[in-house]
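Asks: Fold the stuff below for me.
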Amino acid sequence: MVGLVVVTHSAKVAEGVADTAAQMGGEGRVVPAGGDPDGGLGTDVDRIEAAIRESYEANVDADAESEADGVVVLVDLGSAVMSAETAADVVEVDGIEVAFADAPVVEGTVEAAVEATSPKATLDSVVERAEGAREYRKFG
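Replies: I've put the predicted structure just below:
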């Protein structure tokens, strides 16, 4: 199974995106990691690292017959990318594979959540599905 983490500068945005994606995507769990350590706008490497580990471990527990396939991280902008890359470097030392989706955070997370529920989902297929959301047109 593939885990999902949403990293945004706002805790409320991350929670809202995760909730929306989880409800629209099916059974998969989407872990939010937003805001700075004081509850303001920003990002927090420790919070992101914890979210990656939580997502990975939840998938290991949910699919005891096979190993978790890793975690796909979706970010909003700027320093979220750097913070998420730093957190990924830390968890990858422990064997947790992390991939990043260069996608719009809301639409990409919803698409990733749908793909992640497939028994055939891989890190690559979840990233590809999320990145496909870049082509969405909202108006004719």
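Asks: What are the buried residues along the lowest-mean-pLDDT helix or strand in the chain?
Replies: Using mean pLDDT, DSSP states H and E, the weakest-scoring helix or strand in the chain turns out to be helix 45-62, at a mean of 89. Residues 45, 47-56, 58-59 are the ones in helix 45-62 that count as buried (16 or more other C-beta atoms under 10 Å). C-beta here means a position set from N, CA and C on the backbone, and glycine is covered the same way.
Asks: just checking, what packs against that helix?
Replies: Applying 3 or more C-beta pairs under 8 Å, 6 or more residues apart in numbering; DSSP states H and E, one finds that helix 45-62 contacts strand 2-8, strand 30-34, strand 70-75, helix 79-92.
Asks: The second one pairs with which strands, parallel or anti?
Replies: In its sheet, strand 30-34 lies beside strand 2-8 (parallel), with partners assigned from DSSP bridges.
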